[in-house]
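J.: 3D model of this:
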Amino acid sequence: MKVVVAGGGLAGLAAATVLAEGGAEVTVVEKERFLGGRAGAWPDTLADGTPFQMERGFHAFFRQYHNLRALMRRVDPTLAHLTPQADYPIYAPGGRAESFRDLPTRTPQNIVELVRRTDTLGLRDLLRVRALRTSAMLGYGPHTYARWDHVSAAAYLSSLRFPEEAKELLFGVFAHSFFNPEEEFSAGELLMQFHFYFTGNPDGLLFDTLDRPFSAALFDPLRAYLEARGARFRLGAAVERVEREPLRVHLRGEGGPATLEADALVLALNVPGLRALAAASPDLGEPLRGQIGALEVTWPFAVWRLWLDRPVRPERPAFAGTAQTGLLENISVYEKVEDESRAWAKRTGGSVVELHGYAIPPHLGEEAIRADLLTGLHTHYPETRTARVLDERFLLERDCPAFPPGSHARRPTVRTALPEVVLAGDFVRLPFPSALMERAVSSGFLGANVLLRRDAEPVHRPPATGLLSALRL
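T.: Presented below is the predicted three-dimensional model:
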């Protein structure tokens with residue numbers, strides 16, 4: 001079986017891996033010159049001549065990402081490149097902070113301990129909280145989307161009657177982590193994510209980080225692994241149009257147009273690329289083109305990496321979330337994460353700091369975004385106010401999938417109306433809870449199994465229901 005995989009991100013590479021291992025002739029087509037999609041890395045050079053790998057931002061490898069870890073074990077069997085992080089702190093102005101260190105991993109013990117240790121909730125506050133509605137967080141199940149998908153995350157969180165500070169520290173930062181503004185994010189999706197990451201997650205909320213750039217630790221070795229199994233790669237080529245009967249995939253790249261003949265196709269593009277392909281490919285037919293056309297992207301996100309001439313304070317964590325700090329969502333200290341930045345910091349005596357802003361209002365310009373993010377950094381890490389920026393990289397992208405209220409039922413699944421075409425990506429509706437990198441890899445595994453017509457790759461499925469699901473809260 002000849003299979004074209006359109007898209008070389010995690011979803012496409014997961015599908016390509018299972019297909020190549022299953023004996024298919026695989027060709028991966030990727031418009032960028034690097035693999036990994038939004039988790040990819042590409043070569044760059046600092047002003048001082050230092051080569052490095054730039055990425056589209058820090059990624060956390062949560063411990064319940066079992067399918068992602070299964071993919072990684074193909075090239076790193078012991079996961080030696082993953083480094084455990086001891087805490088996941090969240091900072092607010094005025095020195096206020098929340099910590100997830102040493103939380104129990106079982107529900108409801110983890111919730112009880114989180115509420116007990118926070119100073120943003122008093123007894124009087126708890127008496128005002130709408131307990132039944134809050135308990136929906138413990139009651140995720142098949143009914144959740146029917147009940148909550150047409151409600152926004154902002155409306156749901158406001159209806160709980162938590163004090164504003166507690167709501168923002170305990171829930172707001174979590175809601176923002178999916179790149180969508182709360183006002184345009186489905187409450188059903190939020191409750192699923194809360195179940196996947198916290199109330200239904202026996203592995204705990206802490207995470208690991210890669211000790212090398214993603215290209216070196218994962219994507220370059222994975223490409224070599226796939227090529228050893230006969231896979232081919234067409235980088236710098238965009239999939240422009242698909243024809244069927246017979247199946248032909250038309251490309252355009254640096255070498256001009258080309259056509260690949262195939263027996264099957266994995267569509268693992270990002271939402272803008274997928275929508276453009278569907279619009280140019282009448283042969284994909286309805287309802288697939290309609291489902292793809294209904295997909296949306298959310299607001300932009302910003303990544304700003306700064307090479308500073310002096311170190312941040314040694315007690316700063318590798319990663320910290322932020323609340324009530326304008327556009328700033330989190331701060332990463334890269335010399336505490338990966339080897340390239342560690343070597344640069346050791347040689348120069350400086351620090352490599354990365355700032356993220358999610359769900360940036362589309363009308364804001366780069367200058368305003370930079371000013372807001374820098375104010376947030378100075379608020380939480382005041383020692384950086386006197387630091388000189390030796391180099392920087394600023395990215396502002398808009399290609400993350402949106403999950404607006406009412407979108408769940410019309411969201412496409414891995415299996416399509418066309419038996420030779422499957423979808424894969426973090427926008428796909430899966431039959432079990434999942435998100436972000438884990439959802440991308442899971443969809444790729446499932447798509448490969450569909451095309452191979454067997455469960456060639458065991459797909460880990462987290463608990464499908466919450467502690468109180470039977471009560472349909």
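J.: thought residue 203 was touching residue 63, still the case?
T.: Yes: applying Cβ atoms under 8 Å, one finds residue 63 in contact with residue 203, separated by 3.9 Å. Every C-beta, even on glycine, is put in place using the N, C-alpha and C of the backbone.
J.: more crowded one of those two?
T.: Applying other Cβ atoms under 10 Å to residue 63 and residue 203 shows that residue 63 carries more neighbours, namely 18 against 14.
J.: that one and residue 154, how far apart?
T.: To residue 154, residue 63 is 29 Å away according to Cβ to Cβ, to the nearest Å.
J.: residue 26: which element?
T.: In this structure, residue 26 sits in strand 25-30 according to DSSP states H and E.
J.: no, scratch that, I was asking about residue 53
T.: strand 51-55.
J.: what pairs with that strand, parallel or antiparallel?
T.: strand 41-45 (antiparallel) (DSSP bridges).
J.: list the buried ones in the strand it pairs with?
T.: Neighbour-count burial for strand 41-45 flags 41, 42 (criterion: 16 or more other Cβ atoms under 10 Å).
J.: repeat for stretch 320-327
T.: 320, 321, 322, 323, 324, 325, 327.
J.: pLDDT, secondary structure and distance to residue 369 added to those, as TSV?
T.: TSV is the format used below for the buried residues of stretch 320-327 (pLDDT from 0 to 100; DSSP: H, G, I helix; E, B strand; the rest coil; distance: Cβ to Cβ, whole Å):
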residue	pLDDT	secondary structure	distance to residue 369
320	95	strand	20
321	94	strand	18
322	95	strand	15
323	91	coil	18
324	90	coil	18
325	94	coil	13
327	97	coil	6
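J.: excluding its backbone neighbours, what's nearest residue 238?
T.: Nearest non-adjacent residue to residue 238, counting by Cβ to Cβ, 6 or more residues apart in numbering: residue 31, 4.1 Å away.
J.: ok, now which ones touch residue 251?
T.: The contact partners of residue 251, by Cβ atoms under 8 Å, 6 or more residues apart in numbering, come to 29, 234, 237, 238, 239, 240, 257, 258, 259, 260.
J.: where's it relative to residue 259, distance?
T.: Going from residue 251 to residue 259 by Cβ to Cβ gives 7 Å.
J.: nearest residue to residue 37 in space, please, no chain neighbours.
T.: In space, and not counting its chain neighbours, residue 37 is closest to residue 9: 2.3 Å by Cβ to Cβ, 6+ apart.
J.: per-residue pLDDT, that neighbour?
T.: You'll see residue 9 listed with a pLDDT of 98.
J.: what is it paired to in the beta sheet?
T.: Residues in beta-bridge contact with residue 9 (DSSP bridges): residue 36.
J.: hang on, residue 417 packs against residue 288?
T.: Yes: with contact defined as Cβ under 8 Å, residue 417 counts as touching residue 288 (5.6 Å).
J.: higher neighbour count, the two?
T.: residue 288 (18 against 12).
J.: next up, phi/psi of that one, please.
T.: Main-chain dihedrals, residue 288, degrees, to the nearest 10: phi -60, psi -50.
J.: and it, what does it touch?
T.: Applying Cβ under 8 Å, 6+ apart, the residues near residue 288 are 278, 412, 416, 417, 418, 421.
J.: burial count for the second one?
T.: Right, the one you point to is residue 412. Residue 412: 21 neighbours (other Cβ under 10 Å).
J.: for it, what are phi and psi?
T.: phi -70, psi 160.
J.: wait, what's in contact with it?
T.: If you count contacts by Cβ under 8 Å, 6+ apart, residue 412 has them with 288, 291, 292, 295, 423, 427, 428, 429.
J.: pretty sure the second one sits against residue 407.
T.: This means residue 291. No: under the criterion of Cβ under 8 Å, residue 291 makes no contact with residue 407, lying 10.8 Å away.
J.: give me every residue that touches residue 327.
T.: Going by Cβ under 8 Å, 6+ apart, residue 327 touches 302, 357, 360, 364, 369, 372, 373, 376.
J.: kindly state the beta-bridge partners for the nearest residue to it once chain neighbours are set aside.
T.: Using Cβ to Cβ, 6+ apart and skipping the chain neighbours, the partner closest in space to residue 327 is residue 357 (4.0 Å). Here residue 357 sits in beta bridges with residue 302, residue 328, going by DSSP bridges.
J.: do you know how far residue 357 is from residue 408?
T.: 26 Å.
J.: same question for residue 369.
T.: With distances taken as Cβ to Cβ, residue 369 is found 31 Å from residue 408.
J.: again, but for residue 363
T.: Shown here: residue 363 relative to residue 408, a distance of 28 Å by Cβ to Cβ.
J.: now do residue 421
T.: Distance, residue 421 to residue 408, using Cβ to Cβ: 22 Å.
J.: neighbour-wise, which of these two wins?
T.: Set residue 421 next to residue 408 and count neighbours by other Cβ under 10 Å: residue 421 wins out with 22 against 19.
J.: list the contacts for the more buried one?
T.: Residues in contact with residue 421, defined by Cβ under 8 Å, 6+ apart, are 264, 265, 266, 267, 284, 288.
J.: among those residues, who's most crowded?
T.: If you rank those by neighbour count (other Cβ under 10 Å), residue 266 sits at the top with 32 neighbours.
J.: next one: phi and psi at that residue?
T.: Residue 266 adopts backbone torsions of phi -110, psi 120, taken as degrees, to the nearest 10.
J.: run through the bridge partners of it.
T.: residue 5, residue 422.
J.: check contacts around the residue lying closest to residue 195 once chain neighbours are set aside.
T.: Spatially, and ignoring its direct neighbours in sequence, residue 195 is nearest to residue 140 (3.7 Å; Cβ to Cβ, 6+ apart). By Cβ under 8 Å, 6+ apart, the contact list for residue 140 reads 191, 192, 194, 195, 199, 200, 433, 465, 466, 469.
J.: quick one: residue 140 and residue 189, what's the gap?
T.: From residue 140 over to residue 189 the distance is 11 Å, taken as Cβ to Cβ.
J.: likewise for residue 418?
T.: From residue 418 across to residue 189, the span is 27 Å (Cβ to Cβ).
J.: neighbour count winner among those two?
T.: For residue 418 versus residue 189, neighbours defined as other Cβ under 10 Å are more numerous around residue 189 (24 against 16).
J.: the more buried one is in contact with residue 408, isn't it?
T.: Yes: Residue 189 is within contact range of residue 408, at 7.0 Å (criterion: Cβ under 8 Å).
J.: okay, now the unreliable bits of the chain?
T.: 121-123, 125-127, 472-473 (pLDDT under 70).
J.: how does it divide up, domain by domain?
T.: The chain resolves into domains spanning 2-41+213-295+411-452, 102-203, 298-398 when parsed by automatic domain parsing.
J.: adding distance to residue 49, write those domains out as JSON lines.
T.: Supplementary listing: the domains of the chain in JSON lines, determined by distance: least, Cβ to Cβ, whole Å:
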{"stretch": "domain 2-41+213-295+411-452", "distance to residue 49": "18"}
{"stretch": "domain 102-203", "distance to residue 49": "34"}
{"stretch": "domain 298-398", "distance to residue 49": "11"}
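J.: just those domains: most buried one?
T.: domain 2-41+213-295+411-452 (a mean of 21; mean count of other Cβ atoms under 10 Å).
J.: end to end on that domain, go ahead and measure it.
T.: End-to-end span of domain 2-41+213-295+411-452 (Cα to Cα, to the nearest Å): 11 Å.
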